[in-house]
Every structure is written in structure tokens, then in C-alpha cells.
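Engineer: turn this into a structure:
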Amino acid sequence: MSKLKKINIAVIGATGFTGLDLIYLLSKHPKVKFINLCATKNLGKKISFFDNRIKKKLPKISSVKNINWNKLDLVFLSLPNGDAQKIIKKTFNKNKKLKYIDLSADFRIKDPLVYYKNYKIKHKAKNLIKHSLYSISEFNKKNIYNYRIISNPGCYPTSIQLPLIPLIKKNLISSDNIVIDSKSGYSGAGKKYKNKFNYKNFYDSTFAYSPKVHRHICEIDQEIYKITKKKVSFSFNPHLLPTFRGILSSIYVTGKRKVNVNKIRNELVKFYKKTKFIKILKLNSELGTGNVIFTNNCEISVCETRIRNKYVIFSALDNLIKGAAGQAIQNMNLLFRFSETLGLK
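Structural biologist: This next block holds a predicted model:
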């Protein structure tokens, strides 16, 4: 564990769904000291006004303009896509020891043209992409220290890559025709979810969207190839559920010749044996999001289907924690050599 007593942090985008979960979890973390909590509105208000779970006395909401960047060790950015890159570009050389954890998509995509194609935003900090690392924590424990900008993955891609990448890497499943069906609580769309999804009976219905092209597809493609060196053919369909938080991904795969369901499950057990937050359930276990809500855990179940050599892998996590704030803290713990589970048990 690191000998650092405490690190000075700021949270920019403090009052969104993810920002509030982040601050709540960090308020119990023994190794952080809050210096700034920033937002564009409600300046001067206490953070407990937005979330009464937060009992610790913390700085009041202030503007980014008030930050003394030289006093900080780490900045969390929980902002709309396009905003974090502007702030990082302006401040990157002000304090060369300062590190950033960005929870938006700004540094997830290595190719600025692919980023523009999917997000319709011209990247304002292309020269800083080389200083960034896309980090699902379980895959980056050995090299995260070499980067100043840590890009937190999307919540859907986290639930998908955790079960898929070890199996593709070991060549246990076919790389063709993988079908991914993911369902998420509406908090994944942020506080302005009603502007993005205005269909009838919002709180009483399930809604399928983006059937052909979804922003997260390029992220999943990029990372699977980076780690496994294999191109994978998959379809991805997201759905919105009438529940606030949680993701359940159902991933339909074909086993390679002479690979049975036990071998697939055993590989996941072996791969995640030394990890704290990935839980591989017993074979053919039914799975929902109930156990993972408000935790940094991801539960994975490998199941047989009635078709020979066809399997479905269920993956469940809390989109605001393991899919966002919790993974950001896990990345922080790795980055500063704290115990990986600190503040997340």
C-alpha cells in the first residue's frame, strides 16, 4: 500500500448522478481530502442539498475558475462529452504531477476521427490522447501508473468486456456472430434523460434504442482488439428499463470445437481468481441486478442453452458504481498504489 497520507482531489461535475455517487463513496475513503467540488449551477450550496447520504462536511459547490491546480493531486471529471478535454488541455501543463480520471467518453477512443464520427465532437486535445489510458481496472493493474489521464470506460462496455475478453483471448469462443443484449436503468442517460428518451409511459415500460449504431460499439471494438489482437463480429442492442440503476447484459456465444461450458466457466474463474470485485457464479445460475446494486461488483453467470455448443453469459453490475464512480475509485486506488478495495468494500 502507498505511504501517501492523503491526496488532494477535486470533483468537477459534482451534482450529476455519477458525481454524487462518486462523492458519497469518496467521503468514506480514508486517503482523500476534498479541495474542490465544482458545478456550473447552484454555486455556494452544500453537497448534502443534492444527496442527503453525504454526511461529511465538504467544500461547498464552486466554479472551476476557483481551482488552484497546484494544490491538487487528482481531478475527477464527471462531465458531458466534450467538456473534460477542454479543461484537461488548459491545465495539463500547470501542474505536471496532476492526474485526471475522466468519466466521459473524451479519452476513450484513440482515433479522433472515430471519436468525431460517433460523438459529433471535434477533439480539442488530440496531442494529449497519448498520455491517456482506457482502464477497466482488472485489465490495467501493471501499467496504469504510466499515465496521467485515466479514461473510465462506459458502463455497457464494462459489463460486456469483463466476461468476453478472457474467453476471446484464450480462443474458447467463436469471434463471429456474438449477440449482445444489454438492459440498463435510466440513470445511465444522466439527469437529462427525459430529453433523450421521451417515449410514452417512461416509468412503466422497457424501450429498445440504437439498433444499428451505438456509440459504445467503437469502444468495445477498440478494446477487444487491443487486448486480444482479434477482430470480433458482434451485434449490440441496448434497452432502457423503468428502474433507476443497474445493467444486465446477456451475451450469446458459440463455443469452439471441443470447448464445453465447464471449460468456459473455469477460464473466467481462473482469470479473475485474484480479483476482488468479479464474482463468477455457479454454472447455469439465474442472474439479475439485485445483488450488485450499490456495490462495485460484477456478477457473471455462464449458462447452457437448448442448442448444442451455444451458451449465454449473463453479466450484471451497477452502472453508476462499477460502471462509473466505483471503477473510477478503483482506478484511483491503483494509480496511487492504495489498496485496490479501499473505500469500496
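Engineer: can you give me the strands in the chain?
Structural biologist: 7-12, 32-38, 61-62, 74-77, 99-102, 132-134, 149-151, 178-185, 207-208, 234-241, 247-254, 278-280, 298-304, 310-317 (DSSP state E).
Engineer: and those: which comes nearest residue 143?
Structural biologist: strand 132-134 (7.2 Å; CB to CB). In this view, the C-beta of every residue, glycine as well, is placed from N, C-alpha and C.
Engineer: which elements pack onto the closest one?
Structural biologist: strand 149-151, helix 216-228 (3 or more CB pairs under 8 Å, 6 or more residues apart in numbering; DSSP states H and E).
Engineer: and those as a markdown table, adding mean pLDDT and mean neighbour count?
Structural biologist: Converted to a markdown table, those look like this (pLDDT from 0 to 100; neighbours: other CB atoms under 10 Å):
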| stretch | mean pLDDT | mean neighbour count |
| --- | --- | --- |
| strand 149-151 | 98 | 25 |
| helix 216-228 | 94 | 19 |
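Engineer: reformat those as a markdown table; add distance to residue 11.
Structural biologist: Shown next, in a markdown table, are the helices and strands packed on strand 132-134 (distance: least, CB to CB, whole Å):
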| stretch | distance to residue 11 |
| --- | --- |
| strand 149-151 | 14 |
| helix 216-228 | 23 |
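Engineer: which stretch among these comes nearest residue 333?
Structural biologist: Among the helices and strands packed on strand 132-134, the nearest to residue 333 by CB to CB is strand 149-151 (11.4 Å).
Engineer: how far off centre is that closest one?
Structural biologist: Remark: strand 149-151 is offset 11 Å from the chain centroid, using CA atoms, centre = their mean, to the nearest Å.
Engineer: do the same with stretch 238-254
Structural biologist: On CA atoms, centre = their mean, the centre of stretch 238-254 falls 15 Å from the chain's centre.
Engineer: quick check: the gap between residue 117 and residue 111.
Structural biologist: 9 Å (CB to CB, to the nearest Å).
Engineer: any idea what residue 102 is bridged to?
Structural biologist: Legend: beta-bridge partners of residue 102 under DSSP bridges are residue 77, residue 151.
Engineer: about what we covered before: so which of the helices and strands packed on strand 132-134 is nearest residue 238?
Structural biologist: Once the helices and strands packed on strand 132-134 are compared by CB to CB, helix 216-228 is nearest, at 7.8 Å.
Engineer: the closest one - contacts with which helices or strands?
Structural biologist: Against helix 216-228 (3+ CB pairs under 8 Å, 6+ apart) you get helix 112-119, strand 132-134, helix 155-169, strand 234-241.
Engineer: now those as TSV including mean pLDDT?
Structural biologist: Listed next are these as TSV, based on pLDDT from 0 to 100:
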stretch	mean pLDDT
helix 112-119	96
strand 132-134	98
helix 155-169	97
strand 234-241	93
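Engineer: tell me the most buried of these?
Structural biologist: Each of the helices and strands packed on helix 216-228 was given a mean neighbour count from mean count of other CB atoms under 10 Å, and the largest, a mean of 24, is that of helix 155-169.
Engineer: which elements pack onto that helix?
Structural biologist: strand 178-185, helix 216-228, strand 234-241, strand 247-254, helix 261-271, strand 298-304, strand 310-317.
Engineer: now do the same for the residue with the largest distance to the centre of the chain: its pLDDT.
Structural biologist: Centroid-distance maximum for the chain: residue 258 at 34.1 Å, with CA atoms, centre = their mean. Note for residue 258: predicted pLDDT of 90.
Engineer: how close does it sit to residue 267?
Structural biologist: 14 Å.
Engineer: ok, which of the strands of the chain comes nearest residue 336?
Structural biologist: Closest among these, using CB to CB: strand 7-12, at 5.9 Å.
Engineer: quick one: the strands of the chain as JSON lines, columns for distance to residue 221 too.
Structural biologist: Formatted as JSON lines, the strands of the chain follow (distance: least, CB to CB, whole Å):
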{"stretch": "strand 7-12", "distance to residue 221": "29"}
{"stretch": "strand 32-38", "distance to residue 221": "33"}
{"stretch": "strand 61-62", "distance to residue 221": "38"}
{"stretch": "strand 74-77", "distance to residue 221": "24"}
{"stretch": "strand 99-102", "distance to residue 221": "20"}
{"stretch": "strand 132-134", "distance to residue 221": "12"}
{"stretch": "strand 149-151", "distance to residue 221": "16"}
{"stretch": "strand 178-185", "distance to residue 221": "12"}
{"stretch": "strand 207-208", "distance to residue 221": "21"}
{"stretch": "strand 234-241", "distance to residue 221": "9"}
{"stretch": "strand 247-254", "distance to residue 221": "15"}
{"stretch": "strand 278-280", "distance to residue 221": "22"}
{"stretch": "strand 298-304", "distance to residue 221": "21"}
{"stretch": "strand 310-317", "distance to residue 221": "18"}
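Engineer: among those, show the one with the smallest mean pLDDT.
Structural biologist: strand 207-208 (a mean of 86).
Engineer: quick one: pLDDT of residue 209?
Structural biologist: Residue-level pLDDT assigned to residue 209 equals 85.
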